[in-house]
Each structure stands twice: as structure tokens, then as C-alpha cells.
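Peer 1: Kindly return the folded structure for what I paste below:
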Amino acid sequence: MRVDHYDDADFVRTLDADGRVVGEVPDLTDDRLLAIYRDMRLTRHFDERMVSLQRQGRMGTYAPAVGQEASQVGSTHALREDDWIVYQYREHGAVAVRGLSSAYLLYWMGHEHGNAALVDDHVAPLNITIADQIPHAVGMAWGAKLKGDDTVVVCHFGDGATSEGDFHEAANFACVFDVPCVLFCNNNGWAISHPAERQTASRTFAEKADAYGIESVRVDGMDPLATYRVTAEVVERARDGGGPTLVEAVQYRYGAHTTADDPSAYRDEAEVERWRERDPLERYERFLRDRGLVDDTVVEEIEAEARETVATLVDEAESFEADPTAMFDDAFADSTAEIDAQRAAFERRLEEHGHDAFLRE
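Peer 2: Numbering: from 1, shown residues only. As a prediction, this is how the structure comes out:
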């Protein structure tokens, strides 16, 4: 994604890069405006702490979200609590809005329990394979429509997913069956090391919706108020029977694709710094300060609250005692004789050597 794309005239924007109002401000209470800020602060600190834990060997491979907090938090605040979120693996802000718990950390520490626990908050288990979750999200939305349920499904994916067949098949199905879903493309400029301009010859990702007869909108993904407003509008249209919408939220990934990636090998740090000038947290904080909703004291309190919350979650997650035999539980929906034999052999080894001694081996 070229930097000049950020200034296209067809952008929906509420705040400029300095936090000044340049578009329609959604009708939100002061409490909700502050809640969005708290969730963005929590997401930013959570992200920084998770990367630190991974570097210390206390966390598995992790996908940083820094720079993308506005689109995740703003869009999720626009949903009802019973609307479903189907996401890729970088939308930690959406999870934060729904209620970040230590269970979420467990997934990144290698425990499947942490993935399954998301369902209680109407968040589908995260997906690692690119675009595979999009047909599932569309199918969930179709099921809701068939049942007469007025919930909406919002499916997050990256720009790289639009190069996969699953995206195109799901988009076609969504429109043909007029399902209540939002296809939310987080265009952060890079599909791992592949820049957006080499990903597609289309001027935007939003215009890909035209081929399938789907409504589309392009929004400043680093502006939480614009993202909230756009998501609220398209979700209500879907809820009222207006069918699916493709949202392209243009933003930037400051960090690596994952902690297994080195972005310095494929991008210029000067480009990263240009995007940091539009930092979603800083511009939104300026907006709140202009409204008299925060000052230095309030900001410090919110930051301290985020640090305390994340510290507690880390302590809880690291005190979790996993059952090592659980690795066999979900290899197949129905266990096979070979898996049963492997489990039995593993259990014998544990019994012979003890749990701790076996793990040290």
C-alpha cells in the first residue's frame, strides 16, 4: 500500500492526523468515548507485553497489532454483544472489547483451551490459515438468517486474504444469499513481506466488492470514531436485511508480521515513521483532550489500569497447569487407533518418569 493512498478523497474519516475533527462525530456518550480509549490503551499495552514475553521464551509465536488498535476497538464497540466476531489472528483489540481474560493468553502459550473459551463472548476461535475463516463467517450469517435471528457476523481478515479463493467464494455466496455479514478487510499495507501494490492491480481492496454486487466502503482504520461510525452503519443495514458489506480499513502494521518475522528485511523504516505520525492512540487522545474528557492525570490512571490488568492476566495464565495428554484430544473429531496407541504410550512414559522429569527431558 503506497502512503499516498491514505489521502484518497473517498476515505471516510472523522479525525485528521492531529486529532482535529474533520468529519461527522458519532453520537456517543462521554463514557463510551472513554471506554474506546481505555480499550485501545489496553490493547497497545497487551501487545507490547506479549511481544516481550515471546522474546523471553514465555509465549509462542505472536502476531503484533500495534498501530491497528483503532479499527479493531472502534468496529467492535459498534456491535451488539451477541453479534459474532470471526477473526484472523491479529485482532486482539476486538477480544479486549469483549473481555480480555487470561484464557486468551493460554492459546498463545500453546493451550487450546484458550481458543475455545472465546466462544462464550461470541468470538469464534482464531484462524491461522489465511482466509479460511471467511466462508465459515458467511455460513454463520446465512444460518442466522435462516433461523430468523437478527445477529450479524463481522469477519476480520488482512489484505492478503483477498488473494485467496476462499475470499472470492465467500463474497459471492454472501451476496447471492444476501446474508447479514460484514467482510472487514484490515489493509495494513503488507501481506507478510508482500506490499499491497504487488498484491493487486485494483486501486483499492474495497472495489473488489463490485464484482460480486456487494456494497463497500473505505475507512481510515487509524481513526476509531470513523471506524465506529462506518461499522455501526453497515451492521444495522445488515441487521435490517440490507445484505453484506465489504469494509476496507486502511491502516499500518508498525511491528513485524509475527515475532518470527524481520520487517527490516523488506521495508524502509522511514515509511514506518511516516505512518507513526498518524498514530491512532495519539490522535484520539488529542480529540479527548480537546473535549475535556482526559488530562495528564486521567491518561496516567488509564495506563496504570492497563498495566495492572495485563500483569494480572499474565500471572493467571502462567499459573495454569496444563494436561500434556490434551494434545491428543483434537487431532481428529473421532480418535483413531493410532492416536489412541500414541496416547497410551505417552501416558505410560509420564507414569514411569513423572510429569516434571519427563518435561525436562
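Peer 1: For Leu183, which three-state class applies?
Peer 2: Here Leu183 is recorded as strand under DSSP: H, G, I helix; E, B strand; the rest coil.
Peer 1: Apart from its neighbours in sequence, what residue is nearest it?
Peer 2: Leu246 (4.6 Å; Cβ to Cβ, 6 or more residues apart in numbering). For every residue, glycine as well, the C-beta is placed using N, CA and C.
Peer 1: Residues touching the helix or strand harbouring the one you found, excluding its own?
Peer 2: Assigned by DSSP states H and E, Leu246 falls within strand 245-250. Applying Cβ atoms under 8 Å, 6 or more residues apart in numbering, the contact partners of strand 245-250 are 1, 5-6, 11, 71, 75, 171, 182-187, 204-206, 208-209, 214-222, 227, 230-231, 234, 237-238.
Peer 1: and it, C-alpha only, in PDB?
Peer 2: C-alpha atoms of strand 245-250 as PDB (Å, rounded to 0.1, in the frame of the first residue of the first chain):
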ATOM      1  CA  THR A 245     -20.800  -5.100   3.100                       C
ATOM      2  CA  LEU A 246     -17.100  -5.100   2.400                       C
ATOM      3  CA  VAL A 247     -15.200  -2.600   4.600                       C
ATOM      4  CA  GLU A 248     -11.600  -1.700   3.800                       C
ATOM      5  CA  ALA A 249      -9.900  -0.200   6.900                       C
ATOM      6  CA  VAL A 250      -6.700   1.400   5.800                       C
END
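Peer 1: neighbours around Thr258, how many?
Peer 2: Using other Cβ atoms under 10 Å, Thr258 has 17 other residues around it.
Peer 1: Not counting sequence-adjacent ones, nearest residue to it?
Peer 2: Of all residues not flanking Thr258 in the chain, Ala63 sits nearest, at 4.9 Å (Cβ to Cβ, 6+ apart).
Peer 1: Go ahead and confirm that neighbour touches Arg90.
Peer 2: Yes - when contacts are counted by Cβ atoms under 8 Å, Ala63 is listed as touching Arg90 (4.5 Å).
Peer 1: Now do the same for His168: helix, strand or coil?
Peer 2: helix.
Peer 1: And it, how close does it get to Val123?
Peer 2: 25 Å (Cβ to Cβ, to the nearest Å).
Peer 1: Settle it for me: which of those two has more neighbours?
Peer 2: Set side by side, His168 and Val123 show more neighbours around Val123, with 22 against 16, by other Cβ under 10 Å.
Peer 1: Count the residues that sit near Glu352.
Peer 2: Neighbours around Glu352, by other Cβ under 10 Å: 9.
Peer 1: Check the gap between it and Phe346 for me.
Peer 2: Distance from Glu352 to Phe346, counting by Cβ to Cβ: 11 Å.
Peer 1: residue closest to the middle of the chain?
Peer 2: Glu91 (1.2 Å; Cα atoms, centre = their mean).
Peer 1: and the gap between that residue and Asp47?
Peer 2: 11 Å.
Peer 1: all helices for the stretch 201-350 of the chain, in order.
Peer 2: For the stretch 201-350 of the chain, the helices defined by DSSP state H, counting those that start in this stretch occupy 224-239, 269-276, 280-290, 296-318, 337-353.
Peer 1: same thing with the stretch 1-150 of the chain?
Peer 2: For the stretch 1-150 of the chain, helices defined by DSSP H, counting those that start in this stretch occupy the ranges 30-55, 69-77, 92-99, 102-108, 113-116, 133-147.
Peer 1: hey, which of the ones you listed is tucked in deepest?
Peer 2: helix 69-77 (a mean of 30; mean count of other Cβ atoms under 10 Å).
Peer 1: Show which residues not belonging to it make contact with it.
Peer 2: Contacts for helix 69-77 (Cβ under 8 Å, 6+ apart): 32, 35-36, 39-40, 43-44, 65, 85, 91-94, 96-98, 154, 156, 184, 186, 219, 221-228, 231, 247, 249, 251, 280-281, 284.
Peer 1: Mind doing that once more with 6 Å?
Peer 2: Outside helix 69-77, the residues within contact range by Cβ atoms under 6 Å, 6 or more residues apart in numbering are 36, 39-40, 43-44, 91, 93-94, 97, 186, 221-224, 227-228, 231, 249, 251, 280.
Peer 1: Just want the angle from it to helix 280-290.
Peer 2: The directions of helix 69-77 and helix 280-290 differ by 70 degrees, with axes from the mean of the first three to the mean of the last three Cα atoms, to 10 degrees as the criterion.
Peer 1: Figure out how far helix 69-77 is from the centre of its chain.
Peer 2: 9 Å (Cα atoms, centre = their mean, to the nearest Å).
Peer 1: any low-confidence regions in this structure?
Peer 2: 1-9, 355-361 (pLDDT under 70).
Peer 1: So Cys155 is in contact with Ala137, correct?
Peer 2: Yes - the pair Cys155 / Ala137 is scored as a contact, 3.5 Å apart, by Cβ atoms under 6 Å.
Peer 1: any shared contact partners between those two?
Peer 2: Residues touching both Cys155 and Ala137 (Cβ under 6 Å, 6+ apart): Val86.
Peer 1: which residues touch Glu277?
Peer 2: Applying Cβ under 6 Å, 6+ apart to Glu277 gives the contacts Ala17.
Peer 1: One more pass at 10 Å, please.
Peer 2: Each residue near Glu277 by Cβ atoms under 10 Å, 6 or more residues apart in numbering is listed here: Ala17, Asp18, Arg283.
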